[in-house]
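Asker: the sequence isn't on hand, but the structure is:
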């Protein structure tokens, strides 16, 4: 059974990827420093898969801790690297926090991989690297624009570090640039746990629907879009998780050498106001909202061209927007009754 290290493995996408790895026959080594995710997620994953998982609390910004993990698990054949701070608006206020954590953790991880001869890494990147693209339907050849936030810049710089390191033939890298992951596991046992402000639009919608928030704030109503609100691409977290497994398989089988990037998304964009309407149609619940000024760091429109993912990884998203919103809503309701 092949061992795959999953950094940030108790996070939103990481936890779903751990479940999918186990179902695909892998043995994930789950690493998390618990700064963004509760330890409770570990037991929730174990409830879904029916057995204990291997978990270690490790701070990747500490090279000695990172080295010790690889020494403990010498059979690791590849790494899926999610661990990062990810709040766009917080990164604008606290840029050094983001540069220190997101870049140093990646550098330490690569140093430890090199020392152990581990060559395969899937990097959790973001379509934020495209900044404000000339064509919002972005493919992988779109120029990398100045990032709109320090968070986006850490993803761009992370890719540059990986590309340069891969050029030395020390590692093979697939960087997956994806759009907004939403939804939850169909069991409603794991999903997007929120500690304070949500990270994405959909938890704001579900928290408003369940009464945690009086109304939803829609940031910006004067963008050059269909209805003035931002256009984003949304994808089910399970589809994202499955893409990461296909990517690590692709690397382990030697099908990509050095460095490559692949976009993940649904291929379609939805405005914020359209998402509110879609949720109302899926659940029958009216969402009160207020139009407020634009938020610093947001781009007007971006959605992914996924032709390369279909061609290289044989990956196509399976879940519909209705699936995403229904699963997100079911998970939010499960938290209320937990």
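Answerer: Yep, that arrived. Note that the coordinates shown come from a computational prediction; the quantities given were computed from them, not determined experimentally.
Asker: next, count neighbours for the closest residue to residue 170 other than its chain neighbours.
Answerer: Of all residues beyond its chain neighbours, the one nearest residue 170 is residue 114 (5.1 Å), with distances taken as CB to CB, 6 or more residues apart in numbering. Every C-beta, even on glycine, is put in place using the N, C-alpha and C of the backbone. Residue 114 has 14 neighbours, counted by other CB atoms under 10 Å.
Asker: so what does residue 114 look like in phi/psi?
Answerer: phi -60, psi -40 (degrees, to the nearest 10).
Asker: could you list the low-pLDDT ranges of the stretch 1-150 of the chain?
Answerer: Along the stretch 1-150 of the chain, no part satisfies pLDDT under 70.
Asker: correction: the previous question concerned the stretch 201-338 of the chain.
Answerer: Residues of the stretch 201-338 of the chain that meet the cut-off, pLDDT under 70, sit at 337-338.
Asker: now the strands for it?
Answerer: Using DSSP state E, counting those that start in this stretch, the strands of the stretch 201-338 of the chain run over residues 216-219, 231-232, 234-236, 259-264, 270-271, 289-292, 301-304.
Asker: tell me which of the ones you listed lies nearest to residue 247.
Answerer: strand 259-264 (7.2 Å; CB to CB).
Asker: what residues sit buried inside the closest one?
Answerer: Residues of strand 259-264 classed as buried by neighbour count (16 or more other CB atoms under 10 Å): 259, 260, 261, 262, 263, 264.
Asker: and of the residues you listed, the nearest to residue 82?
Answerer: The nearest one, if we look at the buried residues of strand 259-264 relative to residue 82 and count by CB to CB, is residue 264, at 13.4 Å.
Asker: would you list the phi and psi of the nearest residue to the closest one once chain neighbours are set aside?
Answerer: Computed as CB to CB, 6+ apart, the closest residue to residue 264 that is not its neighbour in sequence is residue 178, at 3.8 Å. Main-chain torsions, residue 178, degrees, to the nearest 10: phi -120, psi 170.
Asker: and the gap between residue 178 and residue 240?
Answerer: 6 Å (CB to CB, to the nearest Å).
Asker: out of the strands of the stretch 201-338 of the chain, which gets nearest to residue 73?
Answerer: Between the strands of the stretch 201-338 of the chain, strand 259-264 lies closest to residue 73; by CB to CB that is 24.9 Å.
Asker: which elements pack onto that closest one?
Answerer: Strand 259-264 sits against helix 150-166, strand 172-178, helix 237-252, helix 307-312, with contacts defined as 3 or more CB pairs under 8 Å, 6 or more residues apart in numbering; DSSP states H and E.
Asker: recalculate using a threshold of 6 Å.
Answerer: Counting contacts by 3 or more CB pairs under 6 Å, 6 or more residues apart in numbering; DSSP states H and E, strand 259-264 is packed against strand 172-178, helix 307-312.
Asker: need those in a markdown table with distance to residue 53, can you?
Answerer: A markdown table is the format used below for the helices and strands packed on strand 259-264 (distance: least, CB to CB, whole Å):
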| stretch | distance to residue 53 |
| --- | --- |
| strand 172-178 | 23 |
| helix 307-312 | 28 |
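Asker: ranking these by burial, who's on top?
Answerer: By mean neighbour count, with neighbours taken as mean count of other CB atoms under 10 Å, strand 172-178 ranks first of the helices and strands packed on strand 259-264 at a mean of 24.
Asker: on that earlier part again, do you know which of the strands of the stretch 201-338 of the chain lies nearest residue 183?
Answerer: strand 234-236 (4.2 Å).
Asker: so which of the strands of the stretch 201-338 of the chain gets nearest residue 133?
Answerer: Among the strands of the stretch 201-338 of the chain, strand 301-304 sits nearest to residue 133 (CB to CB), with 6.1 Å.
Asker: got the contact list for that closest one?
Answerer: With contact meaning CB atoms under 6 Å, 6 or more residues apart in numbering, strand 301-304 is reached by 127, 136, 137, 179, 225, 231, 233, 263, 265, 269.
Asker: just the buried members of those residues?
Answerer: 127, 136, 137, 179, 225, 231, 233, 263, 265, 269.
Asker: closest to residue 160 among the residues you listed?
Answerer: residue 127 (16.4 Å).
Asker: so what's the closest one up against?
Answerer: 177, 179, 302, 304.
Asker: quick one: the helices in the stretch 51-200 of the chain?
Answerer: 63-72, 88-93, 95-116, 150-166 (DSSP state H, counting those that start in this stretch).
Asker: include distance to residue 291 when you put those into TSV, please.
Answerer: Formatted as TSV, these follow (distance: least, CB to CB, whole Å):
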stretch	distance to residue 291
helix 63-72	46
helix 88-93	18
helix 95-116	29
helix 150-166	25
